[in-house]
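Peer 1: got a predicted model here, sequence first, then my questions.
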Amino acid sequence: MRAKKAIVATAHQTLIIAFHILRDGTVYQERGGDFFDRLHPARTTKRLSERLHRLGYEVILKPRANLPEPPTLRRRGRPCKCAERGIDCKHKEK
């Protein structure tokens, strides 16, 4: 039963990806295996340090300089058409 759920979930995700590719006319780009690690670095740091602690290590963390910026999330939903319609946009990010 769990295998069937996993198959349906994978098919659903594939359909969502295909829909966005066709709708936006873009090319699929893999986000990478560390996408969520880069997106939430504080969560990743806490999770990994707790894991090392459970394995019997004492961890002392010191931040490094010159780390890359985490990726920004794309806004969901339809794109704003205010400029296309010639009206003042109320959707701009603040």
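Peer 2: Received, thanks. Numbers count the residues shown, from 1 in each chain.

Peer 1: could you point out which residue ranges in the protein have low pLDDT?
Peer 2: The model of the chain has pLDDT under 70 over residues 70-76, 91-94.

Peer 1: domain-wise, how is it divided?
Peer 2: As given by automatic domain parsing, the domain ranges for the chain are 1-30, 34-64.

Peer 1: and the helices in this structure?
Peer 2: Taking DSSP state H as the test, the helices found in the chain are 2-24, 35-39, 41-54, 82-85.

Peer 1: most tightly packed of those?
Peer 2: Mean neighbour count (mean count of other C-beta atoms under 10 Å) peaks for helix 35-39 among those, with a mean of 13. To be clear about C-beta, it is placed using only N, CA and C from the backbone, and glycine gets the same treatment.

Peer 1: so which elements touch that one?
Peer 2: Of the remaining helices and strands, none touches helix 35-39 by 3 or more C-beta pairs under 8 Å, 6 or more residues apart in numbering; DSSP states H and E.

Peer 1: which ones are touching His53?
Peer 2: Neighbouring residues of His53 by C-beta atoms under 8 Å, 6 or more residues apart in numbering: Val59.

Peer 1: would you mind giving the helices of the chain as a markdown table with distance to Lys62 added?
Peer 2: Below are the helices of the chain laid out as a markdown table (distance: least, C-beta to C-beta, whole Å):
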| stretch | distance to Lys62 |
| --- | --- |
| helix 2-24 | 38 |
| helix 35-39 | 19 |
| helix 41-54 | 11 |
| helix 82-85 | 47 |
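
Peer 1: can you add distance to Asp88 and give the domains of the chain back as a markdown table?
Peer 2: Below are the domains of the chain laid out as a markdown table (distance: least, C-beta to C-beta, whole Å):
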| stretch | distance to Asp88 |
| --- | --- |
| domain 1-30 | 25 |
| domain 34-64 | 33 |
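
Peer 1: those: which one's closest to Cys82?
Peer 2: Proximity to Cys82, assessed across the domains of the chain by C-beta to C-beta, is greatest for domain 1-30 (18.7 Å).
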